[in-house]
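> Quick one, fold the following:
(one chain, ligands or ions: 1)
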Amino acid sequence: MGSTPNAAPQPEPTPEPASPAVPAPHTPAGREGLAALLAHPERAVVALDFDGTLADIVPDPAKARAHPGATAALARLAPQLCAVAVITGRPAAVAVRLGGFDGMPGLDHLTVLGHYGAERWDAATGALHAPAPHPGIAAIQAELPGVLDRSGVWRGTWVETAVERKGGRAVAVHTRRATDPQHAFETLRGPLTELAERHGLIVEPGRLVLELRPPGMDKGVALADWVRETGATAVLYAGDDLGDLAAFAAIEKLRSDGVGGVLVCSGSNEVTELAERADLVVDGPRGVVALLSSLADRIGSRR
Ligand SMILES: [Mg+2]
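The predicted structure follows:
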């Protein structure tokens, strides 16, 4: 035996686990965007959708919470960047609460753009900017139970669990709990579009959800305005749903103006359109957390 007599056995040093590499985008534009972000992280921004991206999709949207580790991963990455934002269809204050963003060290400069940019919460000031809602929303809320009843898809108490009253700025009808969710979605699409148009609103389809909201509330407009405000030279955006296509389009436009861009799809088997447009597809919120962590590790390792 080669050990020194009387010396306590020394434990083998545990090697630090190698941090996983940042996943490579499969498109040239995405690889260029990621290179621009990594070259100058202090001039880069990251924006993310909430539900399906930072938080897992759950049958009752009121019970959604940030995926374990998501807020921490974002908080670790944020101080290394110019700015971070969450862009969501939810009211800004609700996203702040469900994400546990308020008071989180590292997220002291987070911006939450709620209701597709109609609302804004800044962690730095704690201020919530929330202008008056569109009058059509109240009218739609009053008529909705009748429209749903007449559709024959669902009745009575269903209304209470299926209708999400997004802070009076939008109304979302979820069909996830119907006996046949896809059939319910297709059946309701026409009547809800008619109802929305009658009150000057539009219908935005999502993952087994039809959202009625004012025109011009759009993640693309919200993202482009925020990126311009930050003066960022590179932007990564991650989303999971059809409403994120507008943000993807905004990044494609920013790219043509010389800003580096990375389009990330938080993949699910419910939406394929976004994956087709993305530079990088990750495995749902879990994959988004891994991506944020790998970016934080990669940027942090060079300091
Ligand atoms: Mg989403």
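
> Can you name the residues of the stretch 101-250 of the chain sitting close to the ion?
Applying C-beta under 5 Å from the ion, we find that the stretch 101-250 of the chain lies next to the ion at 240-241. No exception for glycine: its C-beta is placed from N, CA and C like everyone else's.

> Low-confidence regions, the stretch 101-250 of the chain specifically.
Within the stretch 101-250 of the chain, the ranges that satisfy pLDDT under 70 run 154-161.

> where along it do the strands fall?
Here the stretch 101-250 of the chain has its strands, by DSSP state E, counting those that start in this stretch, at 111-114, 119-122, 127-129, 163-165, 171-174, 202-206, 209-213, 234-239.

> Output the longest one in PDB, but only the C-alpha positions, please.
Which is strand 234-239. Extracted in PDB, the C-alpha atoms of strand 234-239 (Å, rounded to 0.1, in the frame of the first residue of the first chain):
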ATOM      1  CA  ALA A 234     -28.100  41.200 -30.400                       C
ATOM      2  CA  VAL A 235     -31.300  39.700 -29.100                       C
ATOM      3  CA  LEU A 236     -32.400  36.200 -28.300                       C
ATOM      4  CA  TYR A 237     -36.200  35.500 -28.000                       C
ATOM      5  CA  ALA A 238     -37.800  32.300 -26.800                       C
ATOM      6  CA  GLY A 239     -41.500  31.400 -27.200                       C
END
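
> Pick out the residue of the chain closest to the ion.
Gly52 (3.6 Å; C-beta to the ion).

> Just give me the neighbour total for Ala124.
Using other C-beta atoms under 10 Å, Ala124 is surrounded by 10 other residues.

> May I ask you to confirm that it is in contact with Asp108?
Yes. If you go by C-beta atoms under 8 Å, Ala124 and Asp108 touch, sitting 6.3 Å apart.

> rewinding a little: for the residue of the chain closest to the ion, list the residues it contacts.
207, 239-241, 266, 268, 284-285 (C-beta atoms under 8 Å, 6 or more residues apart in numbering).
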